[in-house]
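> Mind folding the following:
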Amino acid sequence: MSDKEQASGMTDLENPTLNPNHNLSQDSLGKIYTGGEHNEYIYIGRQKFLRNELFEAFGGTLNPGLAPASTHKFANPAPLGLSAFVLTTFVLSMFNARAQNIRVPNVIVGLAMFYGGLVQLIAGIWEIALENTFGGTALCSYGGFWLSFGAIYIPWFGILDAYQGLETHDLGNALGFYLIGWSIFTFGLTLCTLKSTIAFFSLFFLLAITFLLLSIGEFTGKYGVTRAGGILGVIVAFIAWYNAYAGVATKQNSYLMAKPFALPTNDRVIF
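Sure, this is the predicted structure:
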């Protein structure tokens, strides 16, 4: 920090009188700056961090970019949330791919309600406590997805019964809109992983494509499209398992480590 900064208690970026390009509105949450003679400081909102003290993007923690350590000392909930998501996704995708000619999907209900739903929701809330907005949003949302999906197959909710006896394709169209909404949401999350790692980005990008294929399959009623979505879903499951393993494996407990391959990144934004 320069003598001027030490004397004033502010950096050029924090003091509008020293930085003519500074706008007071830029102090809002979400604004990020760099500073120092060699850009060694990162300013996130009104907080200042050394760049080398920030955690880099890593799928094992569901951290999509540079982030400071949490002030709370909890264990990493990302592997739990990812594991809950992936096992439920794997089983449903095997059904959609018609593996072993399985046609009745109701075995997914237990997983969707208790593991993919409840456990993942708890992990997502845990992520919020650890100040990981991305991880909390993703895990809580997909936990809600699995709870809502399981509810479709529980007679008490009366969802499938409402469509019985109808000659139209209302059920297929309704499920299509349901899945396309999740595809749009997942594409949105994918945009937040463009500066992360290959495994991290691939997980959300291919998941968004999976939702898209399944929605098209429901709209068109074409078995081949739904089966393609199921096969891609199995691939997504193994990528998610890899990310979950990356968050659990350490040099102290395993001989096999998951190496993150970072995507090219810089400080540029389009808007």
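> so where do the helices sit in the protein?
Along the chain, counting by DSSP state H, helices occupy 3-8, 78-96, 108-110, 120-129, 133-152, 170-191, 198-220, 223-248.
> Excluding chain neighbours, give the residue nearest to the residue nearest the centre of the chain in space.
Central residue of the chain (CA atoms, centre = their mean): A138, 4.1 Å from the mean position. Excluding the flanking residues, the one nearest A138 by CB to CB, 6 or more residues apart in numbering is L189, at 5.9 Å. Glycine gets a C-beta too; all of them are placed from N, C-alpha and C.
> does the one you found really touch T137, like I thought?
Yes - taking CB atoms under 8 Å as the definition, L189 is a contact partner of T137 at 7.5 Å.
> returning to that earlier point: make a markdown table from the helices of the chain and add mean pLDDT to it.
Below are the helices of the chain laid out as a markdown table (pLDDT from 0 to 100):
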| stretch | mean pLDDT |
| --- | --- |
| helix 3-8 | 39 |
| helix 78-96 | 95 |
| helix 108-110 | 94 |
| helix 120-129 | 94 |
| helix 133-152 | 96 |
| helix 170-191 | 96 |
| helix 198-220 | 96 |
| helix 223-248 | 94 |
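> Pick the most buried one from those.
Scoring the helices of the chain by mean neighbour count under mean count of other CB atoms under 10 Å gives helix 78-96 as the most buried, with a mean of 24.
> Let me see the residues that make contact with stretch 168-179.
For stretch 168-179, contacts defined as CB atoms under 8 Å, 6 or more residues apart in numbering pick out L160, Y163, F211, L212, L214, S215, I216, E218, F219, G221.
> Ramachandran coordinates for I154?
phi -100, psi 120 (degrees, to the nearest 10).
> any idea of the pLDDT on it?
With respect to pLDDT, I154 has a value of 94.
> swap in the one 10 residues further on?
The confidence metric pLDDT takes the value 87 at Q164.
> before we move on, the earlier item: between the contacts of stretch 168-179, which sits nearest S93?
Nearest to S93 out of the contacts of stretch 168-179 is L214 (CB to CB; 9.4 Å).
> my guess is the closest one meets F95, correct?
No - using CB under 8 Å, L214 is not in contact with F95; the gap is 11.4 Å.
> hey, what's in contact with both of the two?
G230.
> Can you pull out the residues in contact with stretch 117-130?
62, 70, 72, 74, 76-78, 80-81, 84-85, 88, 135-144, 146-147, 150.
> same thing but 6 Å
70, 72, 74, 77, 80-81, 84-85, 135-136, 139-140, 143, 146-147 (CB atoms under 6 Å, 6 or more residues apart in numbering).
> And for stretch 200-218?
If you take CB under 6 Å, 6+ apart as the criterion, stretch 200-218 is touched by 59, 172, 175-176, 179-180, 182-183, 186-187, 189-190, 193, 225-226, 228-229, 232-233, 236, 239-240, 243.
> Give me the distance between the residue nearest to the centre of the chain and I159.
Using CB to CB, to the nearest Å, one gets 25 Å for the distance from A138 to I159.
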